[in-house]
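next input, structure requested:
(chains A and B)
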Amino acid sequence: MPLWNFRAYVAIVVIAWSLPGWAHHSHGNYDLETYRTLEGTVTEAHWINPHTWIYLEVTNLGGTATVWALEGGGINALTRGGWSQESVQVGDNISVRCHPLRAGTPSCLIGFLTPEGGVEREYD
Amino acid sequence: MTSKTMDGYYYHEPVGGPFMRVLRFCLFAFLSSALGTSFAQGWSVYADQEYFFSINFLGEPEIREFDYEAEYGGTYPARVYFTEDGQSLYSLTVIDFTDNYYLSDEYQALPDQTDDAPVERLWLYDMRGSMIREAAKLQQQSSEVLYDAWHHINQVEGRQLVVTNPDQSNTYAGFYLYDKRLYFLKAVAPVSSPPPGLFQQSLSFIDNEGDPRILLLTSEGSIPRAEGNIPLDVCTNR
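Residues are numbered from 1 along each chain as shown, chains lettered A, B, ... in the order given. Sure, this is the predicted structure:
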């Protein structure tokens, strides 16, 4: 392969790699400087675009249960990250590290997820 | 026949003929399979190529048309898409400012409330002011504002608003002015329900082919991209 061809190939790969993934929406409604850890039981799992959603029942130390709505990445992004629709199922016990909603109501933007019997990985 | 919507507007029914209903259903079914679905709990992607949007709905929404009376006296066609699940309510209202209504005799006869010379200004004021007007109405009906900030979807500028209602339910709203239409989405969640981000944050603007349309956010606002659209697998990557 001629040298200029190789350089062009490398340049194309580098440019393609550095292209941004266009966010579907602003994440300004989440507190991105705060990570909250939540652990509980999955009550609903929505493998849907433009974002997947997991509903997680979390019980606090006082015994009160609250269902949290957790926003995950889009289907394409999660699939590229090795996740599938079967990765998180209703009834699973999972934990997440996520950015809470600024409104103060129980919703969170997932950064990392630990599936039942698995290890923590990015879920974005 | 005229009835009143849950938003307090009056609408005419029904919307569209049998052909339009079949077309909508086919589009709904196609996009549900193409874009990913959550049939277990009944959530699916609903798309409308007349008003160029897609959004997640619990089942197929009911659709009602009504006349929207704007702030400066103009009346514009509007449509509300909605579903209900117990005490939870999900609605998307589209107010259509795209026609040449301001050229009509009815519009020309409206009193000028803006003290601007060209009568076209009323139409412009009606449209540009609609987002703040609807957000203000929601705030006035609430007992507490939990969140109120600038937002964008597909780089279309808008506003998100979360309020607590007098009955302690929460309303999650979003307002986006896109291509001379106001898209006003609202989800009411009872106090015991999780926030309905699955609905509130699922709106997308689409093109003639049904693909998401991403604008370019600039210091002058949101403008169409010179290079055209962005492929689906890129724009659904957060």
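
use CA for all of it now, contacts and neighbours both
Noted.

so where do the helices sit in the chain?
Let's take chain A. Assigned helices in chain A, in chain order: A:3-18, A:75-80 (criterion: DSSP state H).

the intended chain is chain B.
Counting by DSSP H, one finds helices in chain B at the ranges B:18-35, B:105-108, B:120-128, B:130-141, B:197-200, B:232-235.

so where's chain B uncertain?
Residues of chain B meeting the criterion pLDDT under 70: B:1-41, B:117-120, B:226-238.

let's go with 90 and repeat that
Scanning chain B for pLDDT under 90 picks out the ranges B:1-42, B:72-75, B:98-125, B:154-155, B:192, B:207-238.

strands along that one, start to end?
For chain B, the strands defined by DSSP state E cover B:2-4, B:10-12, B:43-48, B:53-58, B:62-69, B:75-85, B:88-96, B:144-153, B:156-164, B:170-178, B:181-189, B:204-205, B:216-218, B:221-223.

nearest residue to B:Y51 in space, ignoring adjacent ones along the chain?
Nearest in space to B:Y51, with sequence neighbours left out and distances taken as Cα to Cα, 6 or more residues apart in numbering or on different chains, is B:V94 at 7.8 Å.

residues contacting that neighbour?
By Cα atoms under 8 Å, 6 or more residues apart in numbering or on different chains, the contact list for B:V94 reads B:51, B:78-80, B:181-184.

and those residues as TSV, adding neighbour count?
Converted to TSV, the contacts of B:V94 look like this (neighbours: other Cα atoms under 10 Å in any protein chain shown):
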residue	neighbour count
B:Y51	17
B:A78	22
B:R79	21
B:V80	23
B:R181	19
B:L182	23
B:Y183	25
B:F184	23
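
of the helices of chain A, which shows the lowest average pLDDT?
Lowest mean pLDDT within the helices of chain A: helix A:3-18, at a mean of 46.

spell out which parts of chain A neighbour chain B.
By Cα under 8 Å from any Cα of the partner chain, the residues of chain A that approach chain B are A:21-26, A:28-29, A:44-53, A:67-69, A:71, A:73-77, A:102-107, A:124.

report the beta-bridge partners for the residue nearest to B:Y51.
B:R79, B:Y183 (DSSP bridges).

look up how far B:S142 lies from it.
Using Cα to Cα, to the nearest Å, we find B:V94 at a distance of 22 Å from B:S142.

count the residues that sit near B:L122.
26 (other Cα atoms under 10 Å in any protein chain shown).

with B:F82 instead?
With neighbours defined by other Cα under 10 Å, the count for B:F82 comes to 23.

my guess is it meets B:E65, correct?
No. The criterion here is Cα atoms under 8 Å, and B:F82 misses it with B:E65 at 11.6 Å.

the most centrally placed residue in chain B and B:V94: what is the separation?
With distances taken as Cα atoms, centre = their mean, the residue of chain B nearest its centroid is B:Y183 (2.3 Å). Separation of B:Y183 from B:V94 (Cα to Cα) stands at 5 Å.

do the same with A:G118
44 Å.

pretty sure B:L203 sits against B:S54.
Yes. Contact criterion Cα under 8 Å: B:L203 and B:S54 qualify, at 5.8 Å.

which of the two has more neighbours?
Neighbour count, other Cα under 10 Å: between B:L203 and B:S54, B:L203 has more, with 26 against 22.

nearest residue to the more buried one in space, please, no chain neighbours.
Spatial nearest neighbour of B:L203, chain neighbours left out: B:I55 (4.4 Å); criterion: Cα to Cα, 6+ apart.

that neighbour: neighbour count?
Residues near B:I55, counting by other Cα under 10 Å, number 21.

and for B:Y107?
B:Y107 is flanked by 18 other residues according to other Cα under 10 Å.
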